[in-house]
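Asks: No letters, just coordinates:
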């Protein structure tokens, strides 16, 4: 999401603090951040997405370099997929 577009271009926040991301097939709830302004709630999930994107990139690099055993790679992929 670090392409310069603001968080509001990717989602919205309901009055109850539920954050939605826009996808090709519609909106999907990604979580809830109550009692904060909508911009802050969207920014929170933007930061989480950016952190996950970095984690996936680092994992891809480690797998491609052979730095992980197959078992460790599978375990790491499961962890990232859960996140």
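Replies: That came in fine, so what should we check first? Here the structure is a predicted model, which is why all the values come from computation and not from measurement. Numbers count the residues shown, from 1 in each chain.
Asks: Give me the number of neighbouring residues for residue 46.
Replies: Number of residues near residue 46 (other Cβ atoms under 10 Å) recorded here: 20. Where C-beta positions appear, they are placed from N, C-alpha and C, glycine not excepted.
Asks: So it belongs to a strand, correct?
Replies: No. Looking at residue 46 with DSSP: H, G, I helix; E, B strand; the rest coil, it is helix, so not inside a strand.
Asks: thought it was touching residue 10?
Replies: Yes. Between residue 46 and residue 10 there is a contact under Cβ atoms under 8 Å: 7.3 Å.
Asks: Show me what the one helix or strand residue 71 maps to is in contact with.
Replies: Using DSSP states H and E, residue 71 sits in helix 70-82. Identification of contacts with helix 70-82 by Cβ atoms under 8 Å, 6 or more residues apart in numbering yields 52, 55, 56, 59, 62, 63, 68.
Asks: Buried residues, it. List them.
Replies: Neighbour-count burial for helix 70-82 flags residue 76 (criterion: 16 or more other Cβ atoms under 10 Å).
Asks: what comes up buried for stretch 22-38?
Replies: Counting neighbours by 16+ other Cβ under 10 Å, stretch 22-38 gives 33, 38 as buried.
Asks: Contact partners for residue 30?
Replies: Contact analysis of residue 30 by Cβ under 8 Å, 6+ apart lists 11, 19, 20, 21, 45.
Asks: 10 Å - rerun?
Replies: With contacts defined as Cβ atoms under 10 Å, 6 or more residues apart in numbering, the neighbours of residue 30 are 11, 18, 19, 20, 21, 45, 48, 49.
Asks: for the contacts of helix 70-82, which one is nearest residue 40?
Replies: Closest approach to residue 40 among the contacts of helix 70-82 (Cβ to Cβ): residue 52, at 19.0 Å.
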